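Undergrad: Structure for the following, please:
(chains A and B)
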Amino acid sequence: MTSFQSTLGDEPGIAEELAENQRAISIAEFFEKNKHMLGFDSGARGLVTAVKEAVDNALDAAEEAGILPDIYVEIQEEGDYYRLVVEDNGPGITKESLPKVFGKLLYGSRFHAREQSRGQQGIGISAAVLYSQLTSGKPAKITSRTQEADEAQYFELIVDTDENEPEISVDETTSWDRPHGTRIELEMEANMRARSQLHDYIKHTAVVNPHARLELREPKAHFKFERATDQLPEETEEIRPHPHGVELGTVMKMLSATDSHSISGFLQEEFTRVGKKTADSVIDAFRDRYYGREMSWTPPTVSEDADVAAAVESATANKGAEATTAFAETIAEAVADTDRIAHHELLEVVASSAESVAEEYGTTFGDTVQENAVEAAWRTIAGLEVEEGDEPDADEEPRTVTDLYELADEATSTRKDDEVVHAFATRLAGKFEDVEDSRHRLTHGRLREYVDRAADLTEEYDDVAFGDTARENVTDAVWDVMVTVPDDPPLVRELADDRDAASDLVDAMRATDIMAPPTRCLSPISADLIEAGLKKEFEADFYAAATRDAEVHGGDPFIVEAGIAYGGDLEAEGSVDVLRFANRVPLVYQRGACATTDVVKSIGWRNYGLDQPGGSGLPNGSAVIMVHVASTNVPFTSESKDAVANVPEIEDEIELAIREAARELKSYLNKRRSMQKRRRKQSVLGEILPEMARKVAEVTGNDEPNIDDALARIMNNVLVERSVEANGDGQAVEIVVENHSSTNESLELTDIVTAEPTHLSDGATVVEMDGEWFVKWETDVGSGDEAVLEYEVADDASFDLDVKGVETEKLTVTDQ
Amino acid sequence: MSADNDQQAREQLIDLAAQFYDQFELGEIPHMSVPTRTKSNIEYDEEKGVWVYGDRTSTRSANSVRGARKLLKAVYTIEFLADQLEEGRSSTLRELYYLSESWDNENAQFSDQDESNGLIEDLEIVSGVTREDFHMRPEESGATIMGPLHLREQTRRGEREIHCQKDVGEGGYQIPNNPDTIEFLDNDADFILAVETGGMRDRLVENGFDEEYNALIVHLKGQPARATRRITKRLHDELDLPVTVFTDGDPWSYRIYGSVAYGSIKSAHLSEYLATPEAQFVGIQPADIVEYDLPTDPLSDSDRNALESELEDPRFQTDYWEEQIELQLDIDKKAEQQALASRGLDFVTDTYLPERLDAMDVL
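TA: A predicted model of the protein is given here:
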């Protein structure tokens, strides 16, 4: 090293030479180095990522303009290359903003916004453009038509990879059949090996965006996903950052950008959920960190030698004996009135005493006199030496020791020897005596140092343990009696240049209790639409969904939603499908690294009626479990945004959301199981009882008995039975509903009769339609009760009875 | 065995089927109630001096698949029995079980013989007709009598007069399935000795115990069949002979004594007809094990459980049995009848039985 150092001075050019090599790396290089992070690490994956970025962009564009998205994706084979076309019906894009949107890496308006949106970093689509350019050498071809424009514009875009500057190489008008929207065409080196991920991505996008219409055309296939709702997601509002969620760097940037002068103003202006009161709390916390607190001591009592009045009196000169005594006594009384007093509190006491005594005696106590009085009183209170050479009595212990002893004794475990605590208090008092700032102003960290030092010495000399917990407790006890100082906090512009002070502010913001951020910046899909989305894309027997209330993690609000589809055409073999979404974007890669998957695996699914080999891991069976995490800042494990990071607050919410939906699944499965059992029982008994009836009839030599009643009773069924009796020229019809079940049942009966019925019993109505009469009757029948519908009708009439409102398994209809 | 009797039994069965028929017609769930056949539901009938079923009943109802199958089987069995009575034929319990295989309805077939036996017991109880009157019989149990008794048996091949010592071989007189077909003619017997094991019976016969003491030696062959208990009761009631029971010294043998004396749990509905409450227990008593210092085996867990459960059995709640069972639990040993052979082959006939019977005032 020395030889190198010595040559430095000899060759003045070396620093310049080094600096020359340190030029900025080109964007192409940056991309090449980071493409795995951006999701372009292979040709297969690159295609999926490009589709994903383009579609996310398209959805965002349409939604922002309040348009129901209609998106068309096409993948064409182009020799060794693939051509990707994505069209949307968004508002279109102007020539000015085009290069920024598509060409500039890290442009994006979203990076600082506190609002739920699909893209967050502004890397997405421009990375796809760059990838296409780097692999195929062809420009991105963009067609755009803004609303109301007569013509569409066609652009070709090339990124200057040295400068990270997009350039428009072609700009001409063209005709396009969409009234408005954007079409981007990218050619890239790619392959279709990741087809299934691509399909998953599109299909899952359709699930969580039931308001969007999607179309995917591949060289050999074509898929369409229609809308399930015309309801656009609620518009989100951007919110200011929450004090709990900002980093030091951001705060420093905000400090230099703000128009506010005071910290209080800055906090209230720039952050959400901060009003005057909260700002004051933050500033107090900031003062504690920035200035430290002042130690407060108990005032001397009468029995003590320390005499505030005497000290003040002797420190006050030339003010007349009476006034001086009055001044000294007023101060002493005020001090004695306090529980504890800190230096700045003493200042106030002296100032107000000076004022009141001056009024009475007409003597002015000037600044110097007050300063002297404070000095003298403080020395007495804080047990400092009064003057050089005037050593306190060796037998008399300093009053601060007594004070600290009490605090330490209270804070440490009762098992600690009195002697030891006393020795410790003496040492700690010594630290206070030695402190340069005689006002006894200390930060928490400094105080801890003192406590540590005193404790170390106690351990060393008294040969006892003084552990971390004890030290912490003592520090806290002392810190609690210390008082926040009234000093004005520095101005914003002073803070902006002071990294340490800004850091104190960030700490203070985190330490203060602040209301959770508002959630209008989030747009959950809602349980209903999740179900609609699942129904649309999965043929299942059962759907459930749950949306949790908003929660906060690191200052960012988030909402977790979950949905479950079960049965039907879903694949029954193997483990269930887990669909993961973040801000309405499907996550298709890195399933194993995702918090969502971890949570699904950690749930005991047997409890919810799904098969789970070994009791943990992914459950088996024909089910789809979807989880959507919406947040202003979804924590991903990497820039490629493939997996949600394992944040405990988010994991907890994911679990609760899934469990909520799973509970519905459980009750559905239980019910289905009991219905299956009922069906089995019904079918076996339906075989046995008629046999028994036949045999009984045979043995007794009677006709076969009617077993419907018995059967309905056995099955706890609802029995609906028609009996018809001749009645003059017509017939009297009676429909009896017997409820043998254990619950109340509401039935809706419709009897279609071919002649006009008369004399209808109460509650029944009749409607004629094309020569048929619809007798409608709704009835509630309690468990064990029966209800009867009666009417009369011509002899030749025929009937057709339909019963609704009772599960078919529970219903026995005997219609003669 | 009269045709009248058969007709009555048949009507009673058909009444049962008619009951099901009516239940169907009334929209009720077909069902049939029978007394619960467990030891907790037997009680002592002071008047008759036997143990009979208590008030608790179990319902066989068609509201479950199991119950419906049971009732279906019952109806099929009723039909079979009614037909059998009409044709004047009979069959064994085992035959009924196999016969069900031929029924057209799979749901009506028995899954094992315990089930068909149980059903016959149900029908006996509900109809109040014994299975003998249904013409249902068990397999021959092979139980025998040896002793000075002259009787007349109504066989299918006519009447036979038999002397149970002179007209029979070493094996003795075989008790028929329906002992009510027997008429006692004459006897020189002083008492009845019912013996559990074949080995001991043979020893007694070889040693001429029946001749020497005028004993009717009834071989129980383990848990005695109904016919054996019935004939024992008839011998006691009609000939006024004291009954003694000689078994192994273990809990299972006490149950054998229990079913002779008090009636068995499964046939408590017939106790009046089968049980001989005056029957006395000879041994082996736990006290004998101590007194005669017999070779023993240690009690197994199931032996201990059986003894504990006998302590709770209402039939055994007498001072005598409580004392004996407590003693056995205490010494933790059991002994077989043959253990007496350890004192010589003649010990049982020369010493043990005379001593015990004397102590019991039988001799």
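
Undergrad: In contact with the closest residue to chain B within the stretch 501-650 of chain A: list those residues for me.
TA: Nearest to chain B, among the residues of the stretch 501-650 of chain A, is A:Gly609, at 23.7 Å (Cβ to the nearest Cβ). In short, each C-beta sits where N, CA and C put it, glycine included. By Cβ atoms under 8 Å, 6 or more residues apart in numbering or on different chains, the contact set of A:Gly609 is A:Leu665, A:Lys666, A:Leu669, A:Asn670, A:Arg673.

Undergrad: Could I get the full set of strands for the stretch 251-363 of chain B?
TA: Assigned by DSSP state E, counting those that start in this stretch, the strands in the stretch 251-363 of chain B fall at B:280-283, B:297-298, B:333-334.

Undergrad: Quick check: mean pLDDT of the second one?
TA: In this model, strand B:297-298 has a mean pLDDT of 92.

Undergrad: what ranges do the helices span in the stretch 151-300 of chain B?
TA: Per DSSP state H, counting those that start in this stretch, the stretch 151-300 of chain B carries helices over the ranges B:198-206, B:209-213, B:226-239, B:251-261, B:271-274, B:286-291.

Undergrad: Other residues contacting stretch B:199-213?
TA: Residues from elsewhere that reach stretch B:199-213, judged by Cβ under 8 Å, 6+ apart: B:144, B:146-148, B:165, B:170, B:172, B:190-191, B:193, B:195, B:215-217, B:219, B:246, B:337-338, B:341, B:345-346, B:348-349, B:353-354, B:357, B:363.

Undergrad: Give me the distance from it to the chain's centre.
TA: 23 Å (Cα atoms, centre = their mean, to the nearest Å).

Undergrad: tell me how far the ends of that stretch are from each other?
TA: Length of stretch B:199-213, first residue to last, Cα to Cα, to the nearest Å: 19 Å.

Undergrad: hmm, back to that, quick check: which of the strands of the stretch 251-363 of chain B is nearest to chain A?
TA: strand B:297-298 (44.5 Å).

Undergrad: sorry, back to before: so among the contacts of A:Gly609, which ones count as buried?
TA: Neighbour-count burial (16 or more other Cβ atoms under 10 Å in any protein chain shown) is assigned, among those, to A:Leu665, A:Lys666, A:Leu669.

Undergrad: can you redo these as CSV with secondary structure?
TA: Below are the buried ones among the contacts of A:Gly609 laid out as CSV (DSSP: H, G, I helix; E, B strand; the rest coil):
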residue, secondary structure
A:Leu665, helix
A:Lys666, helix
A:Leu669, helix
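
Undergrad: export those residues to a markdown table and tack on pLDDT and distance to A:Asn583?
TA: Output for the buried ones among the contacts of A:Gly609, formatted as a markdown table (pLDDT from 0 to 100; distance: Cβ to Cβ, whole Å):
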| residue | pLDDT | distance to A:Asn583 |
| --- | --- | --- |
| A:Leu665 | 92 | 26 |
| A:Lys666 | 91 | 29 |
| A:Leu669 | 90 | 32 |
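
Undergrad: Next up, the contacts around A:His759.
TA: Contacts for A:His759 (Cβ under 8 Å, 6+ apart) come out as A:Glu790, A:Tyr791, A:Glu792.

Undergrad: And A:His244, by the same measure?
TA: A:Met509, A:Arg510, A:Ile514, A:Val552, A:Gly554, A:Gly555.

Undergrad: same thing but at 6 Å, please
TA: Shown in contact with A:His244 (Cβ atoms under 6 Å, 6 or more residues apart in numbering or on different chains): A:Gly555.

Undergrad: my read is it is in a strand, agree?
TA: No. Applying three-state DSSP, one finds A:His244 to be helix, outside a strand.

Undergrad: For it, give its distance to A:Glu551.
TA: Plainly put, A:His244 is 12 Å away from A:Glu551 if you go by Cβ to Cβ, to the nearest Å.

Undergrad: Based on its surroundings, how many neighbours for the residue of the stretch 251-363 of chain B found nearest chain A?
TA: Going by Cβ to the nearest Cβ, chain A is nearest to B:His269 of the stretch 251-363 of chain B, at 23.3 Å. B:His269 has 20 neighbours, counted by other Cβ atoms under 10 Å in any protein chain shown.

Undergrad: Can you tell me, leaving aside adjacent residues, what's nearest to it?
TA: Nearest residue to B:His269, sequence neighbours excluded (Cβ to Cβ, 6 or more residues apart in numbering or on different chains): B:Ile125, at 4.8 Å.

Undergrad: Counting by contacts, list what the stretch of helix or strand that neighbour belongs to packs against.
TA: Here B:Ile125 sits within helix B:113-127, counting by DSSP states H and E. Packing partners of helix B:113-127 (3 or more Cβ pairs under 6 Å, 6 or more residues apart in numbering or on different chains; DSSP states H and E): helix B:3-25, strand B:31-35, helix B:93-99.

Undergrad: do the shortest one and chain A meet at all?
TA: The reference is to strand B:31-35. No. Applying Cβ under 6 Å from any Cβ of the partner chain, one finds strand B:31-35 out of contact with chain A, separated by at least 10.1 Å.

Undergrad: that older thread, any idea which of the helices of the stretch 151-300 of chain B is most buried?
TA: Mean neighbours per residue, mean count of other Cβ atoms under 10 Å in any protein chain shown, is largest over these for helix B:251-261, with a mean of 23.
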